[in-house]
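Trainee: Predicted coordinates and the sequence they were generated for:
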Amino acid sequence: MKARIYVFIVLVAVASSLATMVVYDQFIADQSGTDTLSSPYAFTTAKFPVAPSGMAPVDFTYAAALTTPTVVHVKTTYKQTSAYSAQSDMFRQFFGDDFTWESPEAQASGSGVIVDADGYIVTNYHVVKNAEKIEVVFFDKHSTSAELVATDPSTDIAVLKVDMEGLPAIQFGNSDSVRVGDWVMAVGNPFDLSSTVTAGIVSAKGRKIDILGENASTPVESFIQTDAAVNPGNSGGALVDLQGRLIGINTAIATPTGTFAGYSFAVPVNIVRKVVKDLKEYGVVQRAYLGVEVDVKREDVGGVYVSNVVPGSGADEAGLKEGDVVTHINSTPINSFPEMQEQLSKYGPGDKVNVSVLRDKEKKNLVVVLKNQKGNTEIIKRETNETVSSLGIETEELSSREAEYYEIEGGVRVTGIKNGKIYQQTRIREGFVITAVDDKKIANYNDLAKILDDKKGKNVIIEGFYPAYPNKIYNYGLSL
């Protein structure tokens, strides 16, 4: 009898053990990693989606090694004038308006990108603006002087040339294919720290921040916005993708302090490519215009709202009308005026583009022949004149729309001032619009050159105005 009791007890013990194991497997082992004693809650391991097969971690080392040798340090020297300092005002009381107070030479620096093995370098216009001397320091620390080939204030791009061959040139990418969220790397020389790289992502595209209007009558702003750290000295440097391909030229930062505060802006490489090609070949950008005015305040129309069509323009001849909404240019979606500018900046006068518009809720496709600012398809070449060159100024002609706005026949705007007769003898500042010389009207560069040639060796009065004070006429005496 006792033996049976012992057997029964053993069987109960075995059954209890098996039951305990089953309960552990089902209710406890599944909760591994949790502290059941200290927490009344049951936790399970979070399950996250697995990254797509083949996705590699972000690595900037290849892009850095490939691009740092192609980015240079641009150092400039220029004369500065303190036209409104207390000292200069005091001396003018005795010597008159022809006095110019000169302070010592100033220096500044930025960055540049080698775009051609034969010595062509692209940088920002504002980096070399008014520079008397330009020095380029390469990745291996050797330096040489550089010549300013040409500039385009409308895009803040300038092209330099050094007398060297076999330089490491950067590879061009495609800014149209860049997407918001893509990783990018900025290469430059912030605060004179050579060959510095920073990384971030593309925060936005097609940004207009209204910084180029001071230097140009028709600014083109459609910046790539990134959060890669960019500081003074980075201007003119490279914005590249993970393959080390150039996708933009770093140009500006949004900041309340003067240093990086979260966002930087770059000129898209597809704009840069066209500008550099034109500046090398013609000395001036062959800019193409659609021939419409737009209402930038109407952002809810699904495109760009046409508020006016310029008579005789390509848009007029193609049949665009007021009230049309431009939605695509050559199959590229257009959602804002900067995006439209960016696409048009890739073409020249005479090129044809397909423009898709919405008219009364119906889609229409029109073929537009683009024209230049003068309303034709001719090539515009940079005009130079020895007498004008002696003035030491950079100029651009007023557009017909500007001339109409100011109610004048035309004029020549001073976009830059170097060490020449204007700098030495007058108080003319950048932005001044020359409208007459000795009471003879100036409508364009050729008018200015002809009149100055006729007055060579004489004293003249230059007349004009500043756009900020369009109703006030200024007169400056000048000895040619």
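Mentor: Received the coordinates, thanks.
Trainee: Identify the structural domains in the protein and state their residue ranges.
Mentor: Per automatic domain parsing, the structural domains of the chain span 58-285, 292-369, 386-479.
Trainee: just the helices in the protein please.
Mentor: 2-23, 61-67, 86-95, 125-128, 269-282, 314-318, 337-344, 386-389, 400-406, 421-425, 445-454 (DSSP state H).
Trainee: worst average pLDDT in those?
Mentor: Least confident of these, judged by mean pLDDT, is helix 86-95 with a mean of 40.
Trainee: What pLDDT is listed against residue 311?
Mentor: So, for residue 311, pLDDT stands at 93.
Trainee: count of residues packed around it?
Mentor: Residue 311 has 9 neighbours, counted by other CB atoms under 10 Å. C-beta coordinates here come from the backbone N, C-alpha and C atoms, glycine included.
Trainee: Residue ranges in the stretch 101-250 of the chain under the pLDDT threshold?
Mentor: 101-104, 214 (pLDDT under 70).
Trainee: one more time with 80
Mentor: Applying pLDDT under 80 to the stretch 101-250 of the chain flags the ranges 101-105, 213-217.
Trainee: Which residue ranges of it form strands?
Mentor: 102-116, 120-124, 133-137, 143-145, 147-152, 157-161, 171-172, 183-188, 196-207, 223-226, 238-240, 245-254 (DSSP state E, counting those that start in this stretch).
Trainee: Need the winner for burial among those strands.
Mentor: Stretch with highest mean neighbour count among those: strand 238-240 (a mean of 31; mean count of other CB atoms under 10 Å).
Trainee: how long is stretch 159-178 from one end to the other?
Mentor: Length of stretch 159-178, first residue to last, CA to CA, to the nearest Å: 24 Å.
Trainee: And stretch 116-135, by the same measure?
Mentor: End-to-end for stretch 116-135, by CA to CA: 18 Å.
Trainee: if I pick residue 430, what's in contact with it?
Mentor: For residue 430, the contact set (CB atoms under 8 Å, 6 or more residues apart in numbering) comprises 214-215, 414-417.
Trainee: What of residue 313?
Mentor: 289-292, 371, 375.
Trainee: Tell me which two of the residues you listed sit farthest apart.
Mentor: Using CB to CB, those reach their maximum pairwise distance at 292 and 375, which is 13.6 Å.
Trainee: between these two, who's got more neighbours?
Mentor: Taking other CB under 10 Å, residue 292 and residue 375 do not tie; residue 292 has more neighbours (24 against 16).
Trainee: Tabulate the domains of the chain in CSV, adding columns for distance to residue 379.
Mentor: Output for the domains of the chain, formatted as CSV (distance: least, CB to CB, whole Å):
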stretch, distance to residue 379
domain 58-285, 7
domain 292-369, 8
domain 386-479, 16
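Trainee: do you know which of these lies nearest residue 380?
Mentor: Residue 380 lies closest to domain 58-285 among those, at 5.9 Å (CB to CB).
Trainee: for the closest one, how far is the first residue from the last?
Mentor: Domain 58-285: ends 38 Å apart by CA to CA.
Trainee: centroid residue for the protein?
Mentor: Compute the mean C-alpha point of the chain, and by CA atoms, centre = their mean the closest residue is residue 267, 2.8 Å away.
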